[in-house]
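1. Just a sequence and a predicted model for now, questions to come.
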Amino acid sequence: MATITLNSMEFHAYHGCLKHERKYGNTFIVTVGMTLDTAKAGASDRLADTLDYQAVYDTVKAEMEQPSRLLEHVAQRILDALNQRFPQVEHFTVRLSKLNPPLGGKVADATIEVSGGAKPQPADEQPINFFLRQVCCMKTAGYASKQIERGLALPIVKLSTVNYNFV
């Protein structure tokens, strides 16, 4: 078993809830990790015996070209498309980042990570994680705490990253 990762694929896309995000777009970074058996390819040195990285990139690109309001929706569409097109992959992890999201303060990126494979886990065992890194704005922290108070998010603190599981 091996993990193949396509790191930091960069796209200009039109995802977001705000009008200017849908009009002018933003920069997004996608990383896809794939777990699969590579023994046959390791012995044969034939592309037909492994995963075609170009086909994976093209699948991600096609999903990134379809505008969505939510990162959660884009990430799940990418995961679903990859699972559909590459059944030989046992598990995918898709990490999608929006650089410099318009949150009213300095935020490097907003990132979501989703994962799954041929045997999907029950929804309660496969949380969708939404990360905000380098948050320098109390307005964002206030929004997050309101979401927590309303029962829409559960906070989990790990190192310097705040991780919210949206339910």
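-> Perfect, I can see it now.
2. Tell me the buried residues in the helix or strand harbouring residue 77?
-> Per DSSP states H and E: residue 77 is located in helix 71-85. Neighbour counts using 16 or more other C-beta atoms under 10 Å place 71, 74, 75, 76, 77, 78, 79, 81, 82, 83 of helix 71-85 among the buried residues. C-beta: built from backbone N, CA, C; applies to glycine.
3. Count the residues that sit near residue 30.
-> Other residues near residue 30 come to 23 when the count uses other C-beta atoms under 10 Å.
4. quick thing: my sequence starts at 510, can you match it?
-> Okay, using 510 as the starting number, the last item reads as residue 539.
5. ok so it is a strand residue?
-> Yes: applying DSSP: H, G, I helix; E, B strand; the rest coil, one finds residue 539 inside a strand.
6. and it, what is it in contact with?
-> 517, 518, 520, 569, 573, 587, 603, 604, 605, 606 (C-beta atoms under 8 Å, 6 or more residues apart in numbering).
7. On the three-state scheme, the third one is what?
-> For residue 520, the secondary structure call by three-state DSSP comes out as strand.
8. For it, give me its contacts.
-> 536, 537, 538, 539, 570, 573.
9. ok, residues contacting the strand or helix carrying residue 552?
-> For residue 552, the enclosing helix or strand under DSSP H and E is helix 548-553. Residues outside helix 548-553 that contact it (C-beta under 8 Å, 6+ apart) are 556, 558, 559.
10. What separation is there between the second one and residue 567?
-> Put plainly, it is residue 558. 20 Å (C-beta to C-beta, to the nearest Å).
11. Which one's more surrounded, these two?
-> In this view residue 558 and residue 567 are compared by other C-beta under 10 Å, and residue 558 has more residues nearby, 15 against 11.
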